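Colleague: Fold the following and give me the result.
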Amino acid sequence: MIFDTHAHYDDSAFDSDRDLLLSLLPEQGVCGVLNAGTNILSSKKSIELSKKYPYVYSAVGIHPECVSVSDTNLEILKDLSKDKKVIAVGEIGLDYHYSQENKNLQIDFFEKQILIANELSLPILVHDREAHMDTLNLLKNYQPKGVVHCFSGSLEMAEEILKLGMFIGVGGVVTFKNAKKLVQVVKEVPLESILLETDAPYMAPVPNRGKRCDSSYIKFTAQKIAEIKNKSYEEVLLQTKSNALKLFRLEESL
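Modeller: Reported below is the predicted structural model:
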């Protein structure tokens, strides 16, 4: 029943055992994984993984930390987006954590990738790190379908995201002791608007915090959400899986 809506299995952290790990995940209850690209090479690797494993799907995108002054990559990205196993554009968005020096370039790439997604009727995977206002303004302006990955905003922002018909992505952070703001968001947001994710190999939930994360760890995130919302673990997994199938239009394939 586990659908991991955001992972990075093309990451070098999996080079030693990638094939073994991915071949065993279905035995651990994983029915679907969306592998997110961060640049052109990563996006191509993501597509390759999705063709090798039937339960793996691909998102292609240029992460805000990977933007460049050349638009050539956007043309390549658009072509990649037309592959049958590509079900989203991402990971795209804004990241002002380290610097805002290339803020305008990040915004330009985010806008152009949203337009590609809208043109091809694909949802987007949004990266938003310390850029909440600009992110929200762009989403309101272009009205894409999709999910705000690893949501870190306020409850008020979450409510604005829901008004746009988008989803809130929740990963292992919700299990951390300092995740009070996210816990409040999870408590108030309807389960029908939440997607489960790992961001593997990053953000492993408690009790595995600090270890390399994989999709099987979603069970700990789901257990925490069930506790917060006073629902059963099975209900959380079933509803979030249903949400993923709806957003990515996979109802007939899973």
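
Colleague: so where's the stretch 151-254 of the chain shaky on pLDDT?
Modeller: Counting by pLDDT under 70, the stretch 151-254 of the chain has low-confidence residues at 252-254.

Colleague: how about the strands in it?
Modeller: Assigned by DSSP state E, counting those that start in this stretch, the stretch 151-254 of the chain shows strands spanning 167-170, 194-196.

Colleague: ok, the last one: who's next to it in the sheet?
Modeller: Pairing partners of strand 194-196, with direction, according to DSSP bridges: strand 167-170 (parallel).

Colleague: Centre of the chain to the strand it pairs with, how far?
Modeller: 8 Å (Cα atoms, centre = their mean, to the nearest Å).

Colleague: which residues in the protein form helices?
Modeller: Applying DSSP state H to the chain gives helices spanning 18-24, 40-52, 72-80, 103-119, 132-142, 155-163, 180-188, 218-229, 233-247.

Colleague: any idea which of the ones you listed is most buried?
Modeller: Burial of the helices of the chain is given as mean neighbour count (mean count of other Cβ atoms under 10 Å); helix 218-229 ranks first at a mean of 21. C-betas here are computed from N, CA, C, even on glycine.

Colleague: follow-up on the earlier one: could you dump the helices of the chain to CSV with distance to residue 65?
Modeller: Listed next are those as CSV, based on distance: least, Cβ to Cβ, whole Å:
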stretch, distance to residue 65
helix 18-24, 23
helix 40-52, 12
helix 72-80, 14
helix 103-119, 9
helix 132-142, 15
helix 155-163, 22
helix 180-188, 22
helix 218-229, 24
helix 233-247, 25
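
Colleague: can you tell which of those is closest to residue 148?
Modeller: Ranking these by proximity to residue 148 (Cβ to Cβ) places helix 155-163 first, at 5.6 Å.

Colleague: Which residues does the closest one contact?
Modeller: Counting contacts by Cβ atoms under 8 Å, 6 or more residues apart in numbering, the residues outside helix 155-163 that touch it are 132, 136, 139-140, 148, 151, 153, 167-168, 181, 184-185, 188-190, 193.

Colleague: now, the most widely separated pair of these?
Modeller: 140 and 184 (22.7 Å).

Colleague: Need the distance between the two termini of stretch 189-205.
Modeller: One end of stretch 189-205 sits 20 Å from the other (Cα to Cα, to the nearest Å).

Colleague: what bridges to residue 129?
Modeller: Taking DSSP bridges as the rule, residue 129 bridges to residue 95.

Colleague: what sits against it?
Modeller: Applying Cβ under 8 Å, 6+ apart, we find residue 129 in contact with 93, 94, 95, 96, 97, 152.

Colleague: Let me know how buried residue 130 is, in neighbour terms.
Modeller: 13 (other Cβ atoms under 10 Å).

Colleague: what's near enough to touch the closest residue to it other than its chain neighbours?
Modeller: Using Cβ to Cβ, 6 or more residues apart in numbering and skipping residues adjacent in sequence, the residue nearest residue 130 is residue 96, 4.6 Å away. For residue 96, the contacting residues are 103, 129, 130, 131, by Cβ under 8 Å, 6+ apart.

Colleague: Mind doing that once more with 10 Å?
Modeller: 64, 102, 103, 106, 128, 129, 130, 131, 132, 134, 135 (Cβ atoms under 10 Å, 6 or more residues apart in numbering).

Colleague: Thank you kindly, that will do.
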